[in-house]
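S.K.: pasting a predicted model and its sequence here:
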Amino acid sequence: MSKNRVIVSSVVLEGRSPSAVAADYGVKRRWVHTLVKRYREGGWDAVEPRSRRPHTSPNRISQAVEEEIVALRTELASQGHDAGAETIAAHLHHRHGAAPSASAIWRVLRHHQLVTPQPKKRPRSSYTRFEADLPNETWQSDFTHWRLASGAGVEILTFLDDHSRLALSITAQTVVTGLTVLHDFRKNVEEYGPPASTLTDNGLVFTTRSRKGRNKFENELRLLNITQKNGRPNHPQTQGKVERFQQTLKRWLAAQAPADTVEELQAQLDRFRDYYNQIRPHRSLSRRTPAQAYTARTKVGPAGTVGGHWRMREDRIDDSGAVTVRYNSRLHHIGVGRAHKGTRVRLLIHNDHVRIINANTGQLLRQLIIDPTRDYQPQKPQNALPKESEM
């Protein structure tokens, strides 16, 4: 028997005074009268404790918004996209300019049994999180395996900007080789400028340090003054951002019709990259897209260079042993030497800094700061930068 029933019984059945009952049970006399009145009007059920839930809730999510939350969850999940409360909130804010809190959306999802409990999942607060301060400060890269509709195995190579999570490139390959990595890296440098550093695992396509040598990718980084960083063996958490990206990518691919060819898979990857970079709000970026985060701050380059204009192009040294560069709307002829005439070269240009590299061997032929007062830049000007072999 509940305490309320005992109080009422003492007054109604035993005939005791409300004041005495209130004193015995440590309640106010007014409360005793209230309970007795409830009993006489509604019986014993009316005496039991009542819910304190308010009759109205002005902040409660409307039925229309609740239905939109459920529809968004279903739509995003069916397409293989992230469909958590944070993501749904970002989509609602994009549509309407406002959205319920993530916790309120989570309660709606739980009410509709759209949340799968994960009691063993490691809490986010337990992770040590690192993020590069600026775009291009670090590029992460990795490749993962996938299968075509026929069951044939293929590989997907990704380059990801650490600061913004921008997917610089996602390419489908029959097999990833050192030349594949170098090719994709060069294309990204042409489009985004060179990074200050790279971060990968210790796969032989990224480093041959374990074999006491350097592969073409490592030589490229050295020539461009880019710092190479590699994670500890058997510790993929070091490259956590690109590893997590690959999980998101695979979940999306699993929701698509299996590709029959590498070309069809590449078309799927291109669609995903556009959505991931331009549309999908990222929880770690305060609901911004990677493209928004990448363009929000000044990019950093090799050896700590910040800002400015980066470009890379290929050319051929002419018969006079020179190559031509346009700087401040003026053509400048840079002497390299007649011994190199006809040689195909790559030029890495940052503002007035120029590095000329043999496109076939990777050898650094010359680096200099352009003298804007001279059309011809002689081989031994006062503003020439020393080669790495002279440093």
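M.R.: Ah, there it is.

S.K.: going forward, measure contacts between C-alpha atoms and count neighbours the same way
M.R.: Will do.

S.K.: which residues in this protein form strands?
M.R.: Along the chain, the segments classed as strands by DSSP state E run 139-147, 153-161, 167-173, 197-200, 227-230, 310-316, 322-327, 330-335, 344-350, 353-358, 364-369, 376-377.

S.K.: most neighbours per residue, which of these?
M.R.: With neighbours taken as mean count of other CA atoms under 10 Å, the strands of the chain reach their highest mean count in strand 197-200, at a mean of 22.

S.K.: partner strands of that one, parallel or antiparallel?
M.R.: Listed by DSSP bridges, the sheet partners of strand 197-200 and their directions read strand 139-147 (parallel), strand 227-230 (parallel).

S.K.: centre of the chain to the longest one, how far?
M.R.: When you say that, I think you mean strand 139-147. Here the centre of strand 139-147 is set off from its chain's centre by 15 Å, with CA atoms, centre = their mean, to the nearest Å.

S.K.: point to the residue nearest the middle of this structure.
M.R.: With the centre of the chain defined as its mean C-alpha position, the nearest residue by CA atoms, centre = their mean is R165, 3.2 Å away.

S.K.: so who does that residue touch?
M.R.: Taking CA atoms under 8 Å, 6 or more residues apart in numbering, we find R165 in contact with 241, 290.

S.K.: how far away is Q239 from Y376?
M.R.: Distance, Q239 to Y376, by CA to CA, to the nearest Å: 45 Å.

S.K.: tell me which of the strands paired with strand 197-200 sits nearest to V336.
M.R.: Each of the strands paired with strand 197-200 was scored for nearness to V336 using CA to CA, and the closest is strand 227-230 (26.4 Å).

S.K.: for the closest one, give me every contacting residue.
M.R.: Outside of strand 227-230, the residues that reach it under the criterion CA under 8 Å, 6+ apart are 196-202, 218, 221, 302.

S.K.: low-confidence stretches in this structure?
M.R.: Under the criterion pLDDT under 70, the flagged ranges of the chain are 1, 54-59, 117-130, 234-238, 304, 381-391.

S.K.: tell me the domain boundaries of it?
M.R.: Under automatic domain parsing, the residue ranges defining each domain of the chain are 3-47, 63-118, 139-295, 308-390.

S.K.: distance to A132 added to the ones you listed, as a markdown table?
M.R.: Supplementary listing: these in a markdown table, determined by distance: least, CA to CA, whole Å:
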| stretch | distance to A132 |
| --- | --- |
| domain 3-47 | 62 |
| domain 63-118 | 23 |
| domain 139-295 | 5 |
| domain 308-390 | 19 |
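
S.K.: right, and the ones you listed - which one's nearest E131?
M.R.: domain 139-295 (5.7 Å).

S.K.: so the residue nearest to the centre of the chain versus R287, what's the distance?
M.R.: When distances are taken as CA to CA, R165 and R287 turn out to be 12 Å apart.

S.K.: that older thread, now the strands paired with strand 197-200 in a markdown table, with distance to E191?
M.R.: Listed next are these as a markdown table, based on distance: least, CA to CA, whole Å:
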| stretch | distance to E191 |
| --- | --- |
| strand 139-147 | 14 |
| strand 227-230 | 19 |
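
S.K.: so which of those gets nearest Y276?
M.R.: Y276 lies closest, by CA to CA, to one member of those: strand 139-147, at 16.4 Å.

S.K.: hey, what's the angle from that closest one to strand 167-173? Just curious.
M.R.: Per axes from the mean of the first three to the mean of the last three CA atoms, to 10 degrees, the angle that strand 139-147 makes with strand 167-173 is 30 degrees.

S.K.: pull the CA atoms of strand 139-147 into PDB?
M.R.: Taking only C-alpha atoms (Å, rounded to 0.1, in the frame of the first residue of the first chain), the coordinates of strand 139-147 have been written out as PDB:
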ATOM      1  CA  TRP A 139      47.900  15.200 -47.100                       C
ATOM      2  CA  GLN A 140      46.900  11.700 -46.000                       C
ATOM      3  CA  SER A 141      46.800   8.800 -48.500                       C
ATOM      4  CA  ASP A 142      45.900   5.200 -48.500                       C
ATOM      5  CA  PHE A 143      44.300   2.600 -50.700                       C
ATOM      6  CA  THR A 144      41.600   0.000 -50.000                       C
ATOM      7  CA  HIS A 145      40.300  -3.100 -51.800                       C
ATOM      8  CA  TRP A 146      36.900  -3.400 -53.500                       C
ATOM      9  CA  ARG A 147      35.200  -5.900 -55.900                       C
END
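
S.K.: report the inter-axis angle for it versus strand 153-161.
M.R.: 160 degrees.

S.K.: list of residues touching strand 139-147?
M.R.: Residues external to strand 139-147 that are found in contact with it (CA under 8 Å, 6+ apart): 153-162, 176, 195, 197-201, 239, 241-243, 246.

S.K.: ok, L179 touching E218?
M.R.: No. Using CA atoms under 8 Å as the test, L179 is too far from E218 to be in contact (11.3 Å).

S.K.: neighbour count: the two, which is higher?
M.R.: Neighbours per residue (other CA atoms under 10 Å) separate L179 from E218, with E218 holding more: 20 against 13.

S.K.: surely that one is in contact with V205?
M.R.: No. Between E218 and V205 there is no contact under CA under 8 Å: 9.4 Å.
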